[in-house]
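*Asks:* pasting the structure only:
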């Protein structure tokens, strides 16, 4: 366990399905993130939340919809996905702050396959 | 634009030393991080550099040259468990925690 828990670990969904990914952290961090990790490509930032407020949406298609009800929980709602959306979706959290060694704590990810 | 380059794959022998290079071009710079990611697992934090020079942490060391946009991760006394992907990431702003990640270097340690 890394302190950031993601569920489910694996998900297979059809293109017409609606599903949600969940992320939970109890580290007292105030920032949470969604990243997409595709094979042989760098981690791609999708969304950033600071103190429950979305501060970044990195040109993500509307078929991905984030929700952050509180500073400990983050969701990614999925609907009408495409096969190219198949990837590992990683959640991360951080303490925030300037000039400090505040790296990320990552969850183990959800391996998503769209069929 | 934002760009971070790393070799895609490297192979080394158990007990040896390996150096993984990272070059970056980002709009800002507020620290360079290295993460280790085993297959199917979460990336875990290895090291952090914000000033030029070498940071040593046990078998792992990381070096930074800001003027050259260059860093490397040095792994000594390699062990089989060091087989993993190593991700170079640059924090590109003074506020928040937004990182630009490199593609990762997959290291295979052979007996």
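*Replies:* Received the coordinates, thanks. What you are looking at is a predicted structure, and each value in this text was computed from that prediction instead of being measured.

*Asks:* What is the burial count for residue 88?
*Replies:* Picking chain A for this. By the criterion of other CB atoms under 10 Å in any protein chain shown, residue A:88 has 18 neighbours. (Each C-beta comes from the backbone N, C-alpha and C, glycine too.)

*Asks:* that answer is for a different chain, and I need it for chain B
*Replies:* When neighbours are defined as other CB under 10 Å, residue B:88 has 28 of them.

*Asks:* what's in contact with the helix or strand that contains it?
*Replies:* Assigned by DSSP states H and E, residue B:88 belongs to strand B:84-91. Contact with strand B:84-91 is made by A:43, B:2, B:4, B:6, B:20, B:22, B:24, B:26, B:29-39, B:43, B:46, B:71, B:73, B:97-102, B:104-107, as judged by CB atoms under 8 Å, 6 or more residues apart in numbering or on different chains.

*Asks:* Can you tell me which of these end up in strands?
*Replies:* Judged by DSSP state E, the subset of the contacts of strand B:84-91 located in strands is B:4, B:20, B:22, B:24, B:32-37, B:46, B:71, B:73, B:99-101, B:105-107.

*Asks:* Restricted to buried residues, select these in ChimeraX.
*Replies:* Buried residues within these, as defined by 16 or more other CB atoms under 10 Å in any protein chain shown, are selected in ChimeraX through the command that follows:
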select /B:4,20,22,24,32,33,34,35,36,37,46,71,73,99,100,101,105,106,107
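
*Asks:* Show the overlap between the ones in strands among the contacts of strand B:84-91 and what lies near chain A.
*Replies:* Checking the ones in strands among the contacts of strand B:84-91 against chain A by CB under 8 Å from any CB of the partner chain, the ones in range are B:4, B:33, B:35, B:99-101.

*Asks:* So which of the residues you listed is the closest to residue A:37?
*Replies:* Checking these against residue A:37 with CB to CB, the nearest one is residue B:101 at 8.9 Å.

*Asks:* What sits closest to the closest one if chain neighbours are left out?
*Replies:* Spatial nearest neighbour of residue B:101, chain neighbours left out: residue A:43 (4.0 Å); criterion: CB to CB, 6 or more residues apart in numbering or on different chains.

*Asks:* unless I'm mixing things up, the one you found is touching residue A:34, no?
*Replies:* No: applying CB atoms under 8 Å as the test, residue A:43 and residue A:34 come out as separate, 10.6 Å apart.

*Asks:* okay, and the common contacts of those two?
*Replies:* Residues touching both residue A:43 and residue A:34 (CB under 8 Å, 6+ apart): residue A:90.

*Asks:* Just confirm residue A:27 is within a helix.
*Replies:* No: Residue A:27 is assigned coil when assessed by DSSP: H, G, I helix; E, B strand; the rest coil, not a helix.
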